[in-house]
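Participant: Okay, sequence plus prediction incoming.
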Amino acid sequence: MDRISYTNKGTIPSGLPYSNINPSYTLTREFEDTLDPSEMDVELRDMKDYIDGKIKSDFDMYMDFMKQKGCEDHRFTEIEGVKTPHVTNIITPDRPAIPHIEEHAILGTGLDTATKKFIDTGEWTVPQIEPTPNVKVTIDELVMLMSEWFEKNPLVRMTNHSIYVHNKEFCYCGELDSLGFIGEDSCIFDVKKTKVITKELYSKYFQQMAAYAKCLEVEPDLMCIVSPYNEPIIEANVERYFNKFLINRGRYRERFNI
């Protein structure tokens, strides 16, 4: 009598350390007569398709659950088997009702790209972006304003950019815009095209930077919002805004179980 067994298991990251979903299935078949190699291959393929299909079904069910929770469009990165949310979604879990928000995002990304190029080369270049006809300002104007901003603020020195960070203790990740200095003080920077920095935006922007700062080996002295429409907006109390961020992190976990 022949006996064939096939086992497979999967990992569905739950977003909580050490609490992932790990479906595991085994299928065993017995045959009275000895199978030749070709028959055994057919049976194994059939068993594999069945078991792998069950694991995929579990994964799809979990994704449907995520959609019901309302965070299927959030950004996650799987780190060491843990589904890890990004800082920006933790702070703003619901998409703001801003007219033509996609075009604003395109312009913001374009300005960020131009600033990174300036950090690398010392020159300002207007990037090619998709048209944004429903937003008054153009990418050319934004880049010109930002270049003028740096001329007016020579103490601001950005030394590197696009730094990916991860905080394992509180399970979050993201990419900070830039590190550098304001005078002699080390600083983390966030580039925004926002014209009016309201009290709410002030708190959100500095929560974002504080969360990133707490991922670094050496915490910066200052945090700074860089906007072409404003003087440098500087905050030194990293701890205060990190505590605010942790409140939002707790709310995010309670709401989405991630």
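Facilitator: Good, I have the coordinates.

Participant: can you pull out the helices in the stretch 101-250 of the chain?
Facilitator: 101-121, 139-152, 199-213, 238-256 (DSSP state H, counting those that start in this stretch).

Participant: check contacts around the spatially closest residue to residue 86 that is not a sequence neighbour.
Facilitator: In this structure, residue 86 finds its nearest non-sequential neighbour in residue 75, 4.2 Å apart by C-beta to C-beta, 6 or more residues apart in numbering. In short, each C-beta sits where N, CA and C put it, glycine included. Neighbouring residues of residue 75 by C-beta atoms under 8 Å, 6 or more residues apart in numbering: 85, 86, 88, 89.

Participant: and if we set it to 10 Å?
Facilitator: 84, 85, 86, 87, 88, 89, 173, 174 (C-beta atoms under 10 Å, 6 or more residues apart in numbering).

Participant: what packs against the one helix or strand the fifth one maps to?
Facilitator: Residue 88 is located in helix 87-91, with elements delineated by DSSP states H and E. Other helices and strands packing on helix 87-91, by 3 or more C-beta pairs under 10 Å, 6 or more residues apart in numbering; DSSP states H and E, are strand 172-182, helix 199-213, helix 238-256.

Participant: Switch those over to a markdown table, and while doing so, append mean neighbour count and distance to residue 99 to every line.
Facilitator: Converted to a markdown table, the helices and strands packed on helix 87-91 look like this (neighbours: other C-beta atoms under 10 Å; distance: least, C-beta to C-beta, whole Å):
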| stretch | mean neighbour count | distance to residue 99 |
| --- | --- | --- |
| strand 172-182 | 20 | 25 |
| helix 199-213 | 21 | 17 |
| helix 238-256 | 16 | 25 |
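
Participant: Save the ones you listed as TSV, and put in distance to residue 102 too.
Facilitator: Below are the helices and strands packed on helix 87-91 laid out as TSV (distance: least, C-beta to C-beta, whole Å):
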stretch	distance to residue 102
strand 172-182	20
helix 199-213	19
helix 238-256	24
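
Participant: of all these, which lies closest to residue 51?
Facilitator: Taking C-beta to C-beta, helix 238-256 is the member of the helices and strands packed on helix 87-91 nearest to residue 51, at 29.4 Å.

Participant: May I have the closest one exported as CSV, CA atoms only?
Facilitator: Output in CSV follows, covering the C-alpha atoms of helix 238-256 (Å, rounded to 0.1, in the frame of the first residue of the first chain):
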residue,chain,number,x,y,z
VAL,A,238,10.5,65.5,19.9
GLU,A,239,9.2,63.7,23.0
ARG,A,240,6.0,65.6,23.1
TYR,A,241,5.0,64.9,19.5
PHE,A,242,6.2,61.3,19.7
ASN,A,243,3.8,60.8,22.6
LYS,A,244,1.0,62.3,20.5
PHE,A,245,1.9,59.9,17.8
LEU,A,246,1.8,56.9,20.1
ILE,A,247,-1.8,57.8,21.0
ASN,A,248,-2.6,57.6,17.3
ARG,A,249,-0.7,54.4,17.0
GLY,A,250,-2.9,52.9,19.8
ARG,A,251,-6.0,54.1,18.1
TYR,A,252,-4.9,52.6,14.8
ARG,A,253,-4.3,49.2,16.4
GLU,A,254,-7.6,49.2,18.1
ARG,A,255,-9.5,50.2,15.0
PHE,A,256,-7.7,47.9,12.4
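
Participant: residue ranges with poor pLDDT in the stretch 1-150 of the chain?
Facilitator: Within the stretch 1-150 of the chain, the stretches with pLDDT under 70 are 1-2, 10-22, 61-70.

Participant: Tell me where it has strands.
Facilitator: Counting by DSSP state E, counting those that start in this stretch, one finds strands in the stretch 1-150 of the chain at the ranges 2-9, 24-31, 76-79, 82-85.
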